[in-house]
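In: Task: produce atomic coordinates for the following.
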Amino acid sequence: MPTHSDELQRNHPPNRIVHVHIPKTAGSALAQAFQRAYGQRLRVYPERFESRFAPVNYAEFDFYTGHIGFTVASKIGGDFITVLRDPVDRFLSTYYFLRQLYESGEERTHKTSLTNRYKLDQFVLIRDEPILQQELLNRMTWQIAHSHRMELRREFIEAGISETDLVSIAHYNLKKFAIVGVQEDMGRLTRAIHRRYGVDLEIGRANVTRSRPHLGEISSRTRDGIEWWVNLDQELYRRWIDMRMSGTDSPQNRTVG
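Out: Residues are numbered from 1 along each chain as shown. Just a heads-up that it's a prediction; the model follows:
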């Protein structure tokens, strides 16, 4: 028979969870799975976007999830969780998802209109749009190192932090996460979550990009264009995967997906 402590475990995680949601890494589906697993008593912070996060009594909430950077996550404190994804694949998914939002009428903004106006091979050559830089230019690395927002990126740039330094900072920060998953292996992620929290997540699909080519279907020229956008993300992703495969990514104080 379940005990009172079992009931509390199901309805509240043992530590505050801060989900650093990198776009197009199954983050919405992961957040929904956590909320289903813990039920209505899980106290979820209501904002998702970093610019709307405000100082609160962080102990009032059990679960934070959103497009926030490491600096904001550190102010909240708790168990950090994130999911990485192959950077070229993530770029493709983002481009076609933004295009899908425009075509459906769900979001008609400057960035979605650009994806609608330009085919992929042309789109990858647009390099002077700040809104696209914030969304796509090494977004994964910036979010894990500090923040994806352009005004906060400038803090690091003006401090003289090089691209090499930026990747190293992001990689160092990843080692502080309780769980780092990889979208290409969600099964391993759910097992890591079960080991740490004792809950079984059923991660479905949310905000799916319905129509997009596979990596092997794009031209080498277009891929080269994408790699300009994600060169630091690729380095960070390679470093993490290499460390994961070598078995040196699992200190005793955390669980890696």
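In: So what's the residue count around the nearest residue to L201 once chain neighbours are set aside?
Out: Among residues not flanking L201 along the chain, A33 sits closest, at 4.1 Å (C-beta to C-beta, 6 or more residues apart in numbering). The C-beta positions use only the backbone N, C-alpha and C, and glycine is treated the same way. Applying other C-beta atoms under 10 Å, we find 20 residues neighbouring A33.
In: Give me the pLDDT for A33.
Out: As predicted, A33 sits at a pLDDT of 94.
In: Same check on the one 10 residues further on?
Out: Reported pLDDT at R43 in the predicted model: 94.
In: does R16 really touch F80, like I thought?
Out: No: with contact defined as C-beta atoms under 8 Å, R16 does not count as touching F80 (9.9 Å).
In: Compare the two (neighbour count), which wins?
Out: Taking other C-beta under 10 Å, R16 and F80 do not tie; F80 has more neighbours (24 against 19).
In: Is the closest residue to that one other than its chain neighbours in a helix, a strand, or coil?
Out: Of all residues not flanking F80 in the chain, F177 sits nearest, at 4.3 Å (C-beta to C-beta, 6+ apart). When classified by DSSP: H, G, I helix; E, B strand; the rest coil, F177 comes out as coil.
In: Then V180?
Out: Using three-state DSSP, the structure places V180 in strand.
In: and the gap between it and G247?
Out: Using C-beta to C-beta, to the nearest Å, we find V180 at a distance of 14 Å from G247.
In: And those two? Which one has more around it.
Out: Ranked by neighbour count (other C-beta under 10 Å), V180 and G247 place V180 first, with 25 against 8.
In: How much space separates that one from F63?
Out: To F63, V180 is 18 Å away according to C-beta to C-beta.
In: Isn't R188 up against V180?
Out: No: assessed by C-beta under 8 Å, R188 is found out of contact with V180, at 10.5 Å.
In: And the helices in the stretch 151-257 of the chain, which stretches?
Out: Ranges of helices in the stretch 151-257 of the chain, per DSSP state H, counting those that start in this stretch, are 163-174, 186-197, 220-246.
In: And these: which comes nearest L101?
Out: With C-beta to C-beta, the closest approach to L101 among the helices of the stretch 151-257 of the chain belongs to helix 220-246: 19.1 Å.
In: The closest one vs helix 163-174, what angle?
Out: 40 degrees (axes from the mean of the first three to the mean of the last three C-alpha atoms, to 10 degrees).
In: Could I get the average pLDDT for helix 220-246?
Out: For helix 220-246, mean pLDDT is 94.
In: for stretch 87-107, same thing?
Out: pLDDT averaged over stretch 87-107 gives 95.
In: Distance check, P46 against T109.
Out: Noted for P46: a distance of 22 Å to T109, by C-beta to C-beta.
In: more neighbours, these two?
Out: The residue with more neighbours, out of P46 and T109, is T109; 11 against 8, by other C-beta under 10 Å.
In: gap between the more buried one and G225?
Out: 22 Å.
In: for S219, same thing?
Out: As judged by C-beta to C-beta, S219 and G225 stand 9 Å apart.
In: So for those two, which residues contact both of them?
Out: Both S219 and G225 are contacted by D121, under the criterion C-beta atoms under 8 Å, 6 or more residues apart in numbering.
In: who's more crowded, the two?
Out: The neighbour comparison of S219 against G225 (other C-beta under 10 Å) goes to G225, with 20 against 10.
In: quick one: contacts for that one?
Out: D121, V124, L125.
In: where does the stretch 151-257 of the chain dip in pLDDT?
Out: Per-residue confidence for the stretch 151-257 of the chain (pLDDT under 70) gives these ranges: 206-208, 248-257.
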